[in-house]
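Chemist: what's the 3D shape of this:
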Amino acid sequence: MPQPSTSNNKTPAAKAQSATKVAAARPSAAKPPPARPRGAKPAGTAKPAATAAKAKSAPATPAAGPADEATRPGWRSWLGLSTAPTPVRRAVVLMLAGAAATLAWGLYWVVIPLAARNELIAFYMSADNISRAKATAQVNGGLAFSILETVVFAAIWVLMARLNRSGILWSRIASTVLFLLWSYQTYQIIATLGSHVSYIVLGNMIITLLIWLAGASSLYFMWRPDAAAHYKKEPAPARA
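Modeler: I've put the predicted structure just below:
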């Protein structure tokens, strides 16, 4: 005999309980996240309250003003020009440029004799009727004198720059006298162009005129009316 089906014999309560178990075992479809309103920031980008408060309470860094520029370390402070007026600063820089040009002038008169050493020795031997040993000693002596002269002239430039920087009253007068002496030297070099012209003479004249221009420009700035107060004040101690 066919037996009755058991599924049809379940009570309504048993059927409801079985449907609940099947629904729990079946994976549910993932629901999409709710739409974010326009202009709203994504989650996690908001700053903590403590960080925001710290940023608001931090003092703003003031912009550097003219007073800070004078005390800021730099080439002006290194040269001791932070407290000097603008014309004196320019005069000192030009005098240091004159010292550098003087070193270049001395180097020029060392390189030229070394490059034409044999020609110079032969010239002295024939012109003065001396031996080769004496002519060689004369060339070497000229080189040593050029080096010594260059060092002395460059040291005078640096010394005048330091004295003018310190506001020594007579430093402007001494600088003017030295400039007049160099002007006479420049005039003599230019006067020789009419009798003998060569690349050596032209090179010497160009460097000499550059040195003269540095001296004239520095005198212009140190004798300006707005630089007079710097020389009348109590001289500052010279820095090492």
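Chemist: kindly list the longest helix within the protein.
Modeler: helix 132-166 (DSSP state H).
Chemist: show me what that one is packed against.
Modeler: helix 86-115, helix 117-128, helix 171-191 (3 or more C-beta pairs under 8 Å, 6 or more residues apart in numbering; DSSP states H and E). The way it works is simple: take the backbone N, C-alpha and C, and place the C-beta from them, glycine included.
Chemist: deepest of those helices, which one?
Modeler: helix 86-115 (a mean of 19; mean count of other C-beta atoms under 10 Å).
Chemist: who are the packing partners of that one?
Modeler: Short answer (3+ C-beta pairs under 8 Å, 6+ apart): helix 86-115 packs on helix 132-166, helix 199-222.
Chemist: closest to Ala115 out of the ones you listed?
Modeler: Minimum separation from Ala115 across the helices and strands packed on helix 86-115 (C-beta to C-beta) falls at helix 199-222, 9.9 Å.
Chemist: report the mean confidence score over the closest one.
Modeler: Confidence over helix 199-222, taken as the mean pLDDT, stands at 94.
Chemist: what's the answer for stretch 227-235, then?
Modeler: If you average the pLDDT values across stretch 227-235, you get 76.
Chemist: tell me which residues of the longest helix of the chain come out buried.
Modeler: 135-136, 139, 146, 150, 153-154, 156-157, 160-166 (16 or more other C-beta atoms under 10 Å).
Chemist: now do stretch 215-228: everything it contacts.
Modeler: With contact meaning C-beta atoms under 8 Å, 6 or more residues apart in numbering, stretch 215-228 is reached by 85-88, 90-92, 94-95, 98, 164, 172, 175-176, 178-179, 182.
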